[in-house]
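K.L.:
I need the structure of the sequence given here:
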Amino acid sequence: MTLPRLSLAVALLLAACEEKKSVPPPPQGKRSEVVKATAATATAPAPTASAPPRPASPRPPLCTSAPLAAGRSLPAGALPHMEAPGVPPLPDRIPTGGRWTWVNLWAAWCKPCKEEVPLLKSWEAQLAQAGTPIHLAFLSLDDDERQARRFLESQPPSGLRASWWLQEGKGRTAWLEALRLKSEPQLPVQILLDPQGTVRCVIEGAVEASDLPSIQAIVARR
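P.N.:
Have a look, this model is predicted:
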């Protein structure tokens, strides 16, 4: 073989070796497994960015909807009451008129009722300092008087130490129905009466600290 032909043969042989090296090795494993792996790779969806969480809707102002008992007064008649030792007795009726009155329906077994007592007490003090005083009255719907009294006795001096009481029975049902409330309302319930002693707002459920501006706007209107 002449030198040019030998050189050409060596070049072709080297090229063939390089091409063989560049071919990737066949996939390992059974054919069915290879087919599955290839299909999964081809059909796997591309990762998508998760949408940012939607901000929570702001709580609407209190008393913007039609009140349940607008224009009505608290039912007449004496109410039983309970006081912790050393606390002066309450009058037989919840006093209304002359200033705003906030009646809170609560019970000693109601956790959100007890949790919101300090908040309501602080509102009463803040409104008085702002020149828009409001009388805060608590009305218990406890069936067990002993449980209610134990709670009153456990309260600190600045807490809830005295309360009127709606005893279980027809009298309680009639009192609630007069204000268009259910005979077994979901406590707590807030009843807001204007200085004329008429109901302006009924709130079913606990209030929050962010609700104070709504109350301030209401009582400022007189």
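K.L.:
Show me where the chain has its helices.
P.N.:
Using DSSP state H, the helices of the chain run over residues 3-22, 31-43, 111-115, 117-129, 145-154, 170-178, 212-220.
K.L.:
got the CA positions of the fifth one in PDB?
P.N.:
This points to helix 145-154. C-alpha atoms of helix 145-154 as PDB (Å, rounded to 0.1, in the frame of the first residue of the first chain):
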ATOM      1  CA  GLU A 145     -76.600  30.300  88.300                       C
ATOM      2  CA  ARG A 146     -73.800  28.800  90.300                       C
ATOM      3  CA  GLN A 147     -71.500  28.700  87.300                       C
ATOM      4  CA  ALA A 148     -72.300  32.300  86.500                       C
ATOM      5  CA  ARG A 149     -71.600  33.400  90.000                       C
ATOM      6  CA  ARG A 150     -68.300  31.500  90.200                       C
ATOM      7  CA  PHE A 151     -67.200  33.400  87.100                       C
ATOM      8  CA  LEU A 152     -68.100  36.800  88.500                       C
ATOM      9  CA  GLU A 153     -66.300  36.000  91.700                       C
ATOM     10  CA  SER A 154     -63.200  34.900  89.800                       C
END
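K.L.:
List the buried residues of it.
P.N.:
Residues 148, 149, 151, 152 are the ones in helix 145-154 that count as buried (16 or more other CB atoms under 10 Å). Where C-beta positions appear, they are placed from N, C-alpha and C, glycine not excepted.
K.L.:
for the residue nearest to the second one when sequence neighbours are not counted, what are its contacts?
P.N.:
Spelled out, that is residue 149. Closest residue to residue 149 apart from its sequence neighbours, by CB to CB, 6 or more residues apart in numbering: residue 82 at 5.5 Å. Contacts for residue 82 were tallied using CB atoms under 8 Å, 6 or more residues apart in numbering; they are 140, 145, 148, 149, 152, 162, 163, 165.
K.L.:
possible to save these as CSV with distance to residue 63 and pLDDT?
P.N.:
Putting the contacts of residue 82 into CSV (distance: CB to CB, whole Å; pLDDT from 0 to 100) gives the following:
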residue, distance to residue 63, pLDDT
140, 24, 98
145, 32, 96
148, 28, 98
149, 33, 98
152, 29, 98
162, 27, 98
163, 24, 98
165, 26, 98
